[in-house]
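K.L.:
Please work out how this folds:
(2 chains)
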There are 2 protein chains.
Amino acid sequence: MKNLHAPYRSAVTGWLVRCLTVLLLLTNAALAGDSLPSWNNTAPKQAIIRFVELVSTPGSADFVAPTERIATFDVDGTLWSEQPGYAEQAFIYDRIKALAPQHPEWAQTQPFKAVLGGDEATVQAGGAVAITALTAASRAGDSMEEFAQIVTAWLSTAQNPKTGRLYTDMVFVPMQELLVFLRNNGFKTYIVSGSGQEFIRPWAEKLFGIPPEQIIGSVLNSTVEWRNGQPLVVLLPTSNLVIEGDGKVVGIDRFIGRRPIAAFGNSDSDMPMLHYAMAGGAGKRFGMLVHHTDAEREVAYDKDSPVGRLDKGLLQAASNDWTVVDMKSDWKVIFPTEKNSK
Amino acid sequence: MKNLHAPYRSAVTGWLVRCLTVLLLLTNAALAGDSLPSWNNTAPKQAIIRFVELVSTPGSADFVAPTERIATFDVDGTLWSEQPGYAEQAFIYDRIKALAPQHPEWAQTQPFKAVLGGDEATVQAGGAVAITALTAASRAGDSMEEFAQIVTAWLSTAQNPKTGRLYTDMVFVPMQELLVFLRNNGFKTYIVSGSGQEFIRPWAEKLFGIPPEQIIGSVLNSTVEWRNGQPLVVLLPTSNLVIEGDGKVVGIDRFIGRRPIAAFGNSDSDMPMLHYAMAGGAGKRFGMLVHHTDAEREVAYDKDSPVGRLDKGLLQAASNDWTVVDMKSDWKVIFPTEKNSK
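P.N.:
Numbering: from 1, shown residues only, chains lettered A, B, ... in the order given. Model prediction:
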């Protein structure tokens, strides 16, 4: 029974192989153009292109099967700006304020009272416990789909209060190009970020081409409540996994189950992820740190910054064979608005 | 700068579109053959084909974009046999015995002592805590890659002690065909199983075409130990998430971040997953339960079985529009060996 259609299928397979070969040649030809036009032709761009060529060229000694071409990216400070101020915190505060009329008790309960009163010092003093409680409350009662709509609506108009720019205009164009370049060469791209997974998923596909199932973000514990005979996932105000530092390695192990061959970050907190990618055995690996050096176009910060601190990463980059991007000199443009205004 | 290659790219895009159109037509033609030859032409097969046609035919009122065509599958009892005896338990016991010489203390420590002495009653009396401790110990000290090699080597020779068959010969051929059929029609297939994710990942791609990153299995807490400057993920003997019952819904929400439009199981523990898939809003959805009715070719069991109990699922299938597969009458063949012997 199973072989009944074998001769027909064989002919079809022949056609498919020929068609795929044509596609492959055309794709390679298309890629021969400059896939990274927003990068200056300095060492980082050259290192990226060399690495991608080595692992994706059939017959190369460093060839890696497409299924193993996993690349992981931090988000805040790596794919878009984390200074001055970052999106998730602004969203959560806005959401708590929007929900406050339904929660009169928040006027007397921390950390909600502090958020509503603009008392940032008290929120920060609450540490991770406070942030976790606020994050869970910001999604309370919403299904995955409902919450995604809320985040999407927020991001469509939210502006960074200090720059006055839409958060969506603070994405790094060179990194968007890099993501496309990697995917065009058979890579599967993942986000591995300390922000909450529910917050990242609604916009990561539109801004960075990364679908919800390839988002590894910090996880809260959750449970199921049954409403009208249907299951609703409810976030609990307790942390399940924080995707920072070593937690990025745990998250990769848990969510992907394969070791990346390339990893991209911008702070010391990304170092474990870079180590994990680089130590995958024989074969070429790639690690990169984005160094925020451009005080004019973005914000310049590194070892003394409380947000996105980059200290050991710079000191140890050379001995670990990590590529360091100097935003000021290696990136021709940083933001989309900058580019559009040219 | 970015538009320099635009005319050339446009020509390439035209070629790509034409080539993809040809591919699509050829693929549809190939699929017009019988993609489910091990299924009898009864109601379940007809329901599957009708559903897949509706959601994957462009222009259909029920058309679903490929990115949203997510299908989730239980494993034990759904993709391969869970009775008599199932693979993960056998693996863990074998692994504990293999590691025992390095752990003289296990001779006096439960639940290890019970496993080494073949005292199943004591293991079972230890409940989830015992199973969790055994699971963590079975991987202790191995990297993800090392553990995958151990599982793969074990499965290449391990036989079910009661049937004398290789576990890999106890896969359900009709379900293997169904997985391929769905993927050929643009579905992304996931495993959502109570077994440990580290145990499932090494063989799911070979047996069922499902890669490691599409495996949602029960999760233990884990931490990172640094050895020679490199991070090693170490499992802890505490549960992080059990993918049974409501936990399947939590797992889907956490790992996929999209709601499946089709879900496949075989026990009451799969009902929340089926409810979650069916309640995804407007549009066609598909839920299926495999009912183990064939005492001759496999094992017949349902409402009185301690393993894979199926009771409420049968009673509520009709009102939920779930398809029930009667293995005895709906599957022409069950196992690969059966087929090869014809």
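
K.L.:
How about the contacts made by the residue of the stretch 101-250 of chain A found nearest chain B?
P.N.:
Across the stretch 101-250 of chain A, the shortest distance to chain B (CB to the nearest CB) belongs to A:Pro212, at 3.3 Å. In short, each C-beta sits where N, CA and C put it, glycine included. Shown here is A:Pro212, whose contacts under the criterion CB atoms under 8 Å, 6 or more residues apart in numbering or on different chains are A:201, A:204-205, B:256-258.

K.L.:
cutoff 6 Å now
P.N.:
Contacts of A:Pro212 were listed using CB atoms under 6 Å, 6 or more residues apart in numbering or on different chains, and they are A:201, B:257-258.

K.L.:
which residues make contact with stretch A:199-209 from outside it?
P.N.:
The contact list for stretch A:199-209 (CB under 6 Å, 6+ apart) reads A:79, A:88, A:148, A:151-152, A:155, A:171, A:179, A:191, A:193, A:210-212, A:215, A:217, B:257.

K.L.:
Can you say which of the residues you listed are buried?
P.N.:
In terms of neighbour count (16 or more other CB atoms under 10 Å in any protein chain shown), the buried residues within the contacts of stretch A:199-209 are A:79, A:88, A:148, A:151, A:155, A:171, A:179, A:191, A:193, A:210-212, A:215, A:217, B:257.

K.L.:
Just the closest of those residues to A:Asp311, please.
P.N.:
Ranked by distance to A:Asp311 (CB to CB), the buried ones among the contacts of stretch A:199-209 are led by A:Ser193 at 20.2 Å.

K.L.:
Is the helix or strand that contains the closest one positioned near chain B?
P.N.:
With elements delineated by DSSP states H and E, A:Ser193 resides in strand A:188-196, which encompasses its position. No - where contact is defined by CB under 6 Å from any CB of the partner chain, no part of strand A:188-196 touches chain B; the two come within 7.7 Å at best.

K.L.:
Between the contacts of stretch A:199-209, which sits nearest A:Lys284?
P.N.:
The shortest distance between A:Lys284 and any of the contacts of stretch A:199-209, using CB to CB, involves A:Leu179 and amounts to 19.1 Å.

K.L.:
Bridged to the most centrally placed residue in chain A, which residues?
P.N.:
Per CA atoms, centre = their mean, the C-alpha nearest to the average position across chain A is that of A:Ile191, at 3.2 Å. Per DSSP bridges, residues listed as beta-bridge partners of A:Ile191: A:Phe73, A:Ile215.

K.L.:
so what's it up against?
P.N.:
A:73, A:75, A:204, A:210, A:215.

K.L.:
let's see 7 Å
P.N.:
With CB atoms under 7 Å, 6 or more residues apart in numbering or on different chains as the criterion, the residues that contact A:Ile191 are A:73, A:75, A:200, A:204, A:210, A:214-216.

K.L.:
and if you look at A:Asn266?
P.N.:
Contacts here follow CB under 7 Å, 6+ apart; on that basis A:Asn266 touches A:74, A:77-78, A:289-290, A:292, A:308, A:310.

K.L.:
Max pairwise distance over those residues: which two?
P.N.:
Farthest-apart pair in those is A:Asp74 and A:His292; separation 12.8 Å (CB to CB).

K.L.:
Poorly predicted segments of the stretch 151-300 of chain A, please.
P.N.:
Applying pLDDT under 70 to the stretch 151-300 of chain A picks out no residues at all.

K.L.:
Up against chain B, what does it have?
P.N.:
Within the stretch 151-300 of chain A, the positions adjacent to chain B are A:197, A:201, A:211-213, A:215, A:219, A:222, A:224, A:230-231, A:233, A:240, A:246, A:249-250, A:253-259, A:272, A:275-276, A:279 by CB under 7 Å from any CB of the partner chain.
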